[in-house]
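A.B. asks: Sequence below, structure please.
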Amino acid sequence: MPFTVLHVCMGNICRSPMAERLLVLAAGQRLSKVAPDVDLGDLLRSASAGTGGWHEGEEMNPPAARQISLRGGSTDGFTARKLTSAQLDEADLILTATADQSDYVHALVPGAADRTFVLGHLGRLVRELDLSALPPAGTDAGAFAARAAALVAAAGRRRGGTEPLPGDDLDDPWGRGDQTFQRIADDIDESLYAIVDALLPTAPRPA
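C.D. replies: Residues are numbered from 1 along each chain as shown. Modelled structure (predicted):
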């Protein structure tokens, strides 16, 4: 199985779908530069779900979909899902939009706490890590999974017992305008770029 990242928000039609698809976009863009012959799907799976579940089966909220499309990503095939313990069990990394949603994850599957982070908090933690202490970055499935697992473990140690800051939460843009959705998508991208930079090599491999 590829390394699986599960993004969680409340309704699964705004924040977590943007994070799901923007991670694929950012990682795919990097991979196309360093190893264009490698299929991202062999390395990484990005999925999402909502704690509320009342939008299950719906399409993405249109302004969220616009942000993904404007940045060059795909919204094809998306339908909202209700978060389940099975989804949490199969995820290698769980990224929530807010601290409250992390608490929900911990209550549903207590064993998932070590691999659950507020997205903004993880983005900050990753920037503080000594990445040279991680296994070497690579574009084969084994090397990618090993580095990704080590990154999650290192971020967990760096986190210690500290709580996310209020600014780590992503505002809920539901019912607000495109300008708000753009700001939230920018915040998501900022954290995701830090994670992608840590996971994938920054230079093409030798020919």
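A.B. asks: Is Val8 in a helix, a strand, or coil?
C.D. replies: Three-state assignment for Val8 (DSSP: H, G, I helix; E, B strand; the rest coil): strand.
A.B. asks: any idea what sits nearest it, other than its immediate chain neighbours?
C.D. replies: Of all residues not flanking Val8 in the chain, Thr96 sits nearest, at 4.6 Å (C-beta to C-beta, 6 or more residues apart in numbering). Where C-beta positions appear, they are placed from N, C-alpha and C, glycine not excepted.
A.B. asks: Near that neighbour, how many other residues are there?
C.D. replies: 33 (other C-beta atoms under 10 Å).
A.B. asks: Any regions of this structure where pLDDT drops low?
C.D. replies: The model of the chain has pLDDT under 70 over residues 205-207.
A.B. asks: Try it again at 50.
C.D. replies: By pLDDT under 50, the chain contains no weakly predicted segment.
A.B. asks: for the helix ranked longest in the chain, packing partners?
C.D. replies: Ranked by residue count under DSSP state H, the longest helix found in the chain is helix 178-199. Other elements packing on helix 178-199 under the criterion 3 or more C-beta pairs under 8 Å, 6 or more residues apart in numbering; DSSP states H and E are helix 15-34, helix 62-70, helix 119-128, helix 141-159.
A.B. asks: For the shortest one, buried residues please.
C.D. replies: Burial within helix 62-70, assessed by neighbour count using 16 or more other C-beta atoms under 10 Å, is assigned to Pro63, Ala64, Ala65, Arg66, Gln67, Ile68.
A.B. asks: nearest spatial neighbour of the fifth one, skipping sequence neighbours?
C.D. replies: Same thing as Gln67. Counting by C-beta to C-beta, 6+ apart, the residue nearest Gln67 is Ala185, at 4.0 Å.
A.B. asks: and if you look at the second one?
C.D. replies: With C-beta to C-beta, 6+ apart as the measure, Cys14 is the residue that lies nearest to Ala64, at 4.7 Å, once sequence neighbours are left out.
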